[in-house]
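S.K.: sequence below, structure please.
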Amino acid sequence: MTQEVITLANGCFWCTEAVFQRLKGVEKVVSGFSGGKIKNPPYREVVQGRTGHAEAIQLYFDPTILSLKDILAVFFSTHDPTTLNRQGNDVGTQYRSAIFYHSSEQKEISQRYIEYLNKQVFGGKIVTEVTSFSGFYPAEEEHYNFYNRFPNQPYCQYIIDPKIKVLRDQFAHLINSN
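M.R.: Predicted coordinates for the structure are as follows:
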């Protein structure tokens, strides 16, 4: 089995996790923190913007089933990559848009995809950082599988459900049928 890993940040990790869990070829999604300056940061410190970390997911996938380009298409379609350090009402560097690449190939594909989107879709306004992966710290267990455990919670209905709708409407061919 072929497995690749990439780390993505695009706002609240509950949202990102819920979207990517539904894709074919995704083997595991772990919510946590990346891009900061301290080891093993607690959630309460990250959400207060004290650590420099972004809420992120560590995405393990089979590139023979799901390409990095498809992952990036979903990533950029399910958040606003033009708002610096903000996604909706979530404000701060911990909610920034970032790709933490694990290889030079991931870096190159990500940069080319952003260049394409800047020309074709966003008019040069993408603020997503493309940074070398330097570490990932899993969040506390109560954050895992949040949307699947609490789909009727208002946050899930108002914030995550629209992202799942985008996934279903634009990427039905990528959704796992299980």
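S.K.: correct me if wrong: residue 10 contacts residue 74.
M.R.: No - between residue 10 and residue 74 there is no contact under C-beta atoms under 8 Å: 10.1 Å. For every residue, glycine as well, the C-beta is placed using N, CA and C.
S.K.: more neighbours: which of the two?
M.R.: Neighbours per residue, other C-beta atoms under 10 Å: of residue 10 and residue 74, the larger number sits with residue 10, 26 against 23.
S.K.: which residue packs closest to that one, ignoring adjacent ones?
M.R.: residue 79 (3.8 Å; C-beta to C-beta, 6 or more residues apart in numbering).
S.K.: and the one you found, that one's in a strand?
M.R.: No - note on residue 79: no strand contains this position according to DSSP: H, G, I helix; E, B strand; the rest coil, which reports coil.
S.K.: could you list every residue that touches it?
M.R.: By C-beta atoms under 8 Å, 6 or more residues apart in numbering, the residues touching residue 79 are 10, 11, 15, 16, 87, 97, 163.
S.K.: so can I have TSV of these showing pLDDT, distance to residue 157 and secondary structure?
M.R.: Converted to TSV, the contacts of residue 79 look like this (pLDDT from 0 to 100; distance: C-beta to C-beta, whole Å; DSSP: H, G, I helix; E, B strand; the rest coil):
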residue	pLDDT	distance to residue 157	secondary structure
10	96	19	strand
11	93	16	coil
15	94	12	helix
16	96	17	helix
87	91	17	strand
97	97	23	strand
163	96	12	helix
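S.K.: now do the top helix by length along the chain: distance to the chain's middle.
M.R.: As assigned by DSSP state H, the longest helix anywhere in the chain is helix 104-120. Centroid displacement of helix 104-120 relative to its chain, using C-alpha atoms, centre = their mean, to the nearest Å, is 16 Å.
S.K.: in that helix, what's buried?
M.R.: Residues of helix 104-120 classed as buried under the neighbour-count rule (16 or more other C-beta atoms under 10 Å) are 106, 107, 109, 110, 113, 114, 117, 118.
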